[in-house]
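**Q** model this:
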Amino acid sequence: MNSKLFLFFVLSLFISASTGYGKVKTTQQKQRSGEPIKTGFVNAADFGFSPVATGLENLKALQSAVDQTGTIVVSKPGTYNMAGTVYIGSNTSLIFGNNIFLKKVNEQGEFSHVIVNKGAITKTYDQNITIDGLQIIVNGMDVRKFKEAYGLHGQLAFFYIKDLSIDRFRCMDIGKAQYGIHVCTFEDIIINDVIIKGDKDGVHLGRGKRFTISNGIFQTYDDAIALNAHDYSVGNPELGWIEDGVIENCHDLSDGKKPVGYFCRILAGGWIDWKPGMEVQQSDAVVSNGRIYRVQAKADGTVYKSVTQPTHETGSQVLDGINWGVVQNDVTYTAGVRNVIFRNIFLEKPRIGFSVHFDNDKFSRSYYPGAQIPMQEQLSFDNIRMLHNLPSEFLSIGTPVDVITISNSSFKNNRINFHGNKAMPDYLKTKINIYGCVFNQKGTMELVTNSVENKEILLKTSSNIELYDDFSAKVIQDNGKIIVESDLTGLKK
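**A** Predicted coordinates for the structure are as follows:
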C-alpha cells in the first residue's frame with residue numbers, strides 16, 4: 001500500500017470513529033435511506049465498483065462515486081471492466097492503488113474516453129482535478145467518436161480545464177487513432193510519472209498556458225509529446241498558443257520499427273478572415289462573424305470555393321458543399337509555441353528529436369496564404385542526450401522562430417535543419433545560442449543547414465567540448481544566410 005492510500009485509510013477510520021456511537025452506515029445504505037452524502041474521502045467499492053462486476057455496473061458505480069466530489073479511492077487490486085466514459089467534475093481527486101487497471105470493454109457499444117471532464121461538453125472550465133495511479137488497458141477499443149467535442153480523442157482527456165494534476169499514468173497499448181493523454185484549452189496542468197507505449201501520441205496538448213510534463217517514458221510509433229497549437233481539424237478541438245511550460249526528465253525509447261513522428265512535434269499556424277470566393281481545403285480555418293470556423297471534410301485533397309459566409313453559432317453546417325464546423329468564439333489569427341523549456345531529455349529512438357513546423361498536405365494546411373506570420377518564441381533545450389548512433393536531426397525547423405537556446409547537451413551526427421515549404425514569403429530571422437555542449441562526432445559534422453531562401457540565421461557557440469581530435473563543424477546555407485560566431489573547429493576564425 002502506498003503512502004497516499006495509507007493516509008486516506010487512517011483518515012477514513014478517524015472520520016468513522018468520530019461520527020458517533022453505533023454502526024456507521026455505508027454509502028450504499030445512505031443512498032437507499034435517502035440520507036445526504038457529505039463530500040470527503042469516498043471508497044468507490046461502496047458504490048459497487050469491483051473487479052468482478054460487469055463493465056456497465058462499474059461504469060455506473062464509478063460515475064456515482066466521482067459525482068460525490070472530494071477524494072475517491074480505488075484500493076482493491078484487480079482489473080475493472082469499463083463499458084463507457086466516466087465524467088469527472090471540479091474539486092475531485094480520483095486515486096487508484098497499485099495493481100489496479102481499467103479495461104475498456106464493449107458491452108453497450110464502443111467509446112473513446114475512459115475519463116473526461118464534465119465541462120468538455122459545454123466548454124465550461126472545470127478546476128482542481130487530480131487523477132493519480134490510473135492504468136488503462138485499451139483492449140483494442142481505439143476509436144474517435146467525438147461525442148464530447150470534435151477533435152478530442154485521448155484515452156484520458158480534458159478540455160476546458162484549470163489546475164489539473166495527472167500522476168502515475170500508465171497505458172501500454174495505445175492504438176493508431178487515440179492519444180494516451182489529451183489536454184486542450186487549459187491553465188496550470190502537471191503531468192508527472194507516465195509510461196505510455198503504442199502507436200499514437202503519448203501526451204498531446206492543444207492551446208493553453210503554464211504546464212509541466214515530467215518523468216515520462218515513451219515508446220510510441222507516433223509523437224511521444226505533441227505541442228500542437230495548430231492541428232488537423234480532427235486533432236484538437238480548438239486553436240491557439242501553447243506557452244510557458246517545462247518538459248523534463250523524459251525518455252524516447254526505441255521500438256525497433258521504422259522511425260516516424262518525433263519525440264516532440266511543435267506546430268504553428270495562421271489563418272485569415274473569411275472572404276467570398278476564397279479557396280479552402282480540409283482543416284483550413286477562417287475567422288467569420290466573431291468566431292473561428294474550420295473545414296471538416298475528407299482528407300482527399302479537394303479544394304473548395306467558398307461563396308457563402310459561415311455564420312452559424314454552434315455545430316456544423318454545409319455551405320457550397322463545404323462542411324464548416326464552429327471551433328471557438330474567442331478569435332485569434334495565429335497559433336504557436338512560446339517560452340517552453342526542454343531539459344534532461346534522453347533520445348534513444350533514431351528519429352527527428354524536435355520538429356518545429358507547419359503542416360502542408362491533404363490533411364491540413366497550417367498556414368493560409370497571406371495570414372499573419374506566427375513567430376514561435378524562445379525555445380530552450382538543456383541537457384538533451386542523443387543516445388543512438390544513426391544520423392538524425394536534433395531540430396527540424398520549418399516555421400519562424402526568434403531564439404533557440406541549446407545548453408549542456410550531447411550530440412553526435414545530429415544537425416539543426418532549417419527548411420521551408422514555401423508557405424510564406426518570409427521566415428524571419430532566427431538567433432541560435434549553443435554553449436556548454438559535448439560534440440561526439442568523429443570527423444565532419446553538419447551543425448546547421450539552411451535551405452530557406454533569404455532566411456538569416458545568427459549562430460553563436462561558446463564553451464563547448466569536442467570529444468575527438470578530428471572533429472570539425474560546418475554550416476550549409478544554400479539560398480539562405482548564416483552568420484557565425486563560434487568556438488568550434490571548422491567554424492571559428
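
**Q** what about Gln477, how many residues nearby?
**A** The number of residues packed near Gln477 is 18, by other Cβ atoms under 10 Å. To be clear about C-beta, it is placed using only N, CA and C from the backbone, and glycine gets the same treatment.

**Q** which residue is the nearest non-sequential neighbour of it?
**A** Nearest non-adjacent residue to Gln477, counting by Cβ to Cβ, 6 or more residues apart in numbering: Asn450, 4.9 Å away.

**Q** repeat for Gly140
**A** Gly175 (7.3 Å).

**Q** likewise Met141?
**A** Leaving aside its chain neighbours, Met141 sits nearest to Lys104 (4.2 Å; criterion: Cβ to Cβ, 6+ apart).

**Q** buried residues, the one helix or strand Thr79 maps to. List them.
**A** Secondary structure from DSSP states H and E places Thr79 in strand 78-82. For strand 78-82, burial by neighbour count (16 or more other Cβ atoms under 10 Å) applies to Tyr80, Asn81, Met82.

**Q** show me the beta-bridge partners of the second one.
**A** The one in question is Asn81. Judged by DSSP bridges, the bridge partners of Asn81 are Lys103.

**Q** so the protein: which segments form each domain?
**A** As assigned by automatic domain parsing, the chain contains the domains 87-257+336-485, 272-328.

**Q** tabulate those (JSON lines), appending distance to Val73 and mean pLDDT.
**A** JSON lines is the format used below for these (distance: least, Cβ to Cβ, whole Å; pLDDT from 0 to 100):
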{"stretch": "domain 87-257+336-485", "distance to Val73": "5", "mean pLDDT": "96"}
{"stretch": "domain 272-328", "distance to Val73": "36", "mean pLDDT": "96"}
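
**Q** so Ala110 makes contact with Lys145?
**A** No Ala there; residue 110 is Glu. Yes: with contact defined as Cβ atoms under 8 Å, Glu110 reaches Lys145; the gap is 7.2 Å.

**Q** for Ile432, give me its contacts.
**A** The contact partners of Ile432, by Cβ atoms under 8 Å, 6 or more residues apart in numbering, come to Val403, Ile404, Thr405, Ile406, Ile416, Val448, Ile457, Leu458, Leu459, Lys460.

**Q** tell me the contacts of the fourth one?
**A** When contacts are counted by Cβ under 8 Å, 6+ apart, Ile406 is found next to Ser380, Phe381, Asp382, Ile384, Ile432, Asn433, Ile434, Tyr435, Cys437.

**Q** ChimeraX command for the buried members of those?
**A** In ChimeraX syntax, the buried subset of the contacts of Ile406 is picked out as below (16+ other Cβ under 10 Å):
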select :380,381,382,384,432,433,434,437
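
**Q** nearest to Thr124 among the contacts of Ile406?
**A** Each of these was scored against Thr124 by Cβ to Cβ, and Ser380 proved nearest at 34.2 Å.

**Q** return the distance of the helix or strand hosting that closest one from the chain's centre.
**A** Assigned by DSSP H and E, Ser380 belongs to strand 377-386. Computed by Cα atoms, centre = their mean, to the nearest Å, the chain-centroid distance of strand 377-386 equals 18 Å.

**Q** what packs against the helix or strand just after that strand?
**A** Counting by DSSP H and E, the next helix or strand C-terminal to strand 377-386 is strand 392-397. Counting contacts by 3 or more Cβ pairs under 8 Å, 6 or more residues apart in numbering; DSSP states H and E, strand 392-397 is packed against strand 354-357, strand 377-386, strand 414-418.

**Q** now the element after strand 392-397, going C-ward?
**A** Where DSSP H and E defines the elements, the next helix or strand beyond strand 392-397 is strand 403-407.

**Q** pairing partners for that next one, with directions?
**A** Applying DSSP bridges to the sheet, strand 403-407 is found paired with strand 377-386 (parallel), strand 430-435 (parallel).

**Q** buried residues in that strand?
**A** Ile404, Ile406, Ser407.

**Q** now the helix or strand hosting Glu446: buried residues?
**A** Assessed by DSSP H and E, Glu446 sits inside strand 444-450. Neighbour-count burial for strand 444-450 flags Met445, Glu446, Leu447, Val448, Thr449, Asn450 (criterion: 16+ other Cβ under 10 Å).

**Q** before we move on, the earlier item: can you name the residues that contact the residue nearest to Gln477?
**A** Shown in contact with Asn450 (Cβ under 8 Å, 6+ apart): Phe418, Ile457, Val475, Ile476, Gln477, Asp478, Gly480, Lys481, Ile482.

**Q** check Lys431 too.
**A** For Lys431, the contact set (Cβ under 8 Å, 6+ apart) comprises Asp402, Val403, Ile404, Ile457, Leu458, Lys460.

**Q** related to what we said a few turns ago, mind putting the contacts of Asn450 in CSV, distance to Leu467 and secondary structure included?
**A** Converted to CSV, those look like this (distance: Cβ to Cβ, whole Å; DSSP: H, G, I helix; E, B strand; the rest coil):
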residue, distance to Leu467, secondary structure
Phe418, 26, strand
Ile457, 25, strand
Val475, 20, strand
Ile476, 22, strand
Gln477, 26, coil
Asp478, 28, coil
Gly480, 29, coil
Lys481, 30, strand
Ile482, 24, strand
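
**Q** could you dump these to a markdown table with distance to Pro276?
**A** Below are the contacts of Asn450 laid out as a markdown table (distance: Cβ to Cβ, whole Å):
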| residue | distance to Pro276 |
| --- | --- |
| Phe418 | 37 |
| Ile457 | 40 |
| Val475 | 46 |
| Ile476 | 45 |
| Gln477 | 42 |
| Asp478 | 40 |
| Gly480 | 37 |
| Lys481 | 40 |
| Ile482 | 43 |
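
**Q** which of those residues count as buried?
**A** Phe418, Ile457, Val475, Gln477, Gly480, Ile482.

**Q** pretty sure the third one sits against Met445.
**A** No: between Val475 and Met445 no contact is recorded; they are 10.3 Å apart, counting by Cβ under 8 Å.

**Q** okay, how far is it across stretch 469-486, tip to tip?
**A** Stretch 469-486 stretches 17 Å from its first residue to its last (Cα to Cα, to the nearest Å).

**Q** no wait, stretch 446-462
**A** End-to-end for stretch 446-462, by Cα to Cα: 17 Å.

**Q** how far does it sit from its chain's centre?
**A** The answer for stretch 446-462 is 29 Å, by Cα atoms, centre = their mean.

**Q** same check, this time on stretch 66-82
**A** Distance, stretch centre to chain centre, for stretch 66-82: 25 Å (Cα atoms, centre = their mean).

**Q** now the helices and strands packed on strand 392-397 in CSV, with distance to Arg343?
**A** Listed next are the helices and strands packed on strand 392-397 as CSV, based on distance: least, Cβ to Cβ, whole Å:
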stretch, distance to Arg343
strand 354-357, 13
strand 377-386, 4
strand 414-418, 17
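
**Q** and the residue most central in space within the chain, how far from Gly154?
**A** Geometric centre of the chain, nearest residue: His204, 1.7 Å, by Cα atoms, centre = their mean. Noted for His204: a distance of 7 Å to Gly154, by Cβ to Cβ, to the nearest Å.

**Q** okay, and the common contacts of those two?
**A** Shared contacts of His204 and Gly154 (Cβ under 8 Å, 6+ apart): Tyr179, Gly180, Ile181, His182, Val183.

**Q** the last one touches Lys209, doesn't it?
**A** No: with the criterion set as Cβ under 8 Å, Val183 and Lys209 do not qualify as a contacting pair; they are 11.8 Å apart.
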